[in-house]
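Asks: no sequence on this one, just coordinates:
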DNA sequence: CTACTTGTTCGTAATATTGCGAACAAAGAT
DNA sequence: ATCTTTGTTCGCAATATTACGAACAAGTAG
């Protein structure tokens, strides 16, 4: 009954379903990439909590992390980002 | 730190974060309105479960229900739908 | 009035989410 | 080799989500 595109759309939407994750994605969209330390400084949450949110975004496929020295550089996963964009566009253009 | 638009966007996204709710919204977008019985016939879930999903969509402001005889007619809440659309558009056009 | 239809609400259970601090791992600096 | 920095993982707790069936309300039909 419910098809794969609907599941994928729901998956992406779920990942967007928290203010912190929205903020993170906005930050990454604006400025290419960033380190999680940059985010911890700004956000009023524990670093372990931020780490979990980043993990969820990673598992949803919306971001990717690249080890770089002691830090990890997070970027948008452009391919999946585009898919989410298209699925949502199609959804609202119904 | 986190502003109201981000919270509202996250709220809408959260409401979209389940395949059944995506399906319901697609159905309502396509054909004006429908009764929850129409949905129960098609979806492989208990009517009480569907009722909960409809309640969440209602509380998120994305749909509205209108009592009509023994049934309830559900429609998109166009005002909030448009807001969600705009917030998401702005989000992805970053 | 007594069914019947339609949908919500309640009670329950299993699982997921959110959040924190403490402990841990990995790599660079001293 | 030791310390520092950076971020993850673990353990825990509180709350939310998802789902079902049974019971309940509200209106229609007989």
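Replies: Received, thanks. Quick caveat, the model's predicted, so the values are computed rather than measured.
Asks: which residue ranges form the helices in chain A?
Replies: Secondary structure of chain A (DSSP state H): helices at A:4-15, A:19-30, A:36-42, A:47-59, A:78-92.
Asks: closest to DNA strand C out of those helices?
Replies: helix A:47-59 (3.2 Å; C-beta to the nearest atom of the strand). (C-beta placed from N, C-alpha, C; glycine too.)
Asks: still on that earlier bit, mind putting the helices of chain A in a markdown table, mean pLDDT and mean neighbour count included?
Replies: Formatted as a markdown table, the helices of chain A follow (pLDDT from 0 to 100; neighbours: other C-beta atoms under 10 Å in any protein chain shown):
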| stretch | mean pLDDT | mean neighbour count |
| --- | --- | --- |
| helix A:4-15 | 98 | 19 |
| helix A:19-30 | 96 | 19 |
| helix A:36-42 | 94 | 15 |
| helix A:47-59 | 97 | 15 |
| helix A:78-92 | 97 | 16 |
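Asks: Which one, of those helices, ends up nearest to residue B:13?
Replies: helix A:4-15 (4.8 Å; C-beta to C-beta).
Asks: Helix A:78-92 and that closest one, what's the angle between them?
Replies: If you take axes from the mean of the first three to the mean of the last three C-alpha atoms, to 10 degrees, helix A:4-15 sits at 110 degrees to helix A:78-92.
Asks: ok, residues contacting helix A:4-15?
Replies: For helix A:4-15, contacts defined as C-beta atoms under 8 Å, 6 or more residues apart in numbering or on different chains pick out A:21, A:56-57, A:60-62, A:80, A:83-84, A:87-88, A:91, B:13-14, B:16-19, B:21-23, B:26.
Asks: Of those, which ones also sit close to DNA strand D?
Replies: With C-beta under 7 Å from any atom of the strand as the criterion, the contacts of helix A:4-15 include B:14, B:17-18 near DNA strand D.
Asks: Quick check: of those, which lies closest to residue B:74?
Replies: Distance to residue B:74, by C-beta to C-beta, is smallest for residue B:18 among these, at 16.1 Å.
Asks: Next, count neighbours for the closest one.
Replies: A count of neighbours around residue B:18, defined by other C-beta atoms under 10 Å in any protein chain shown, yields 21.
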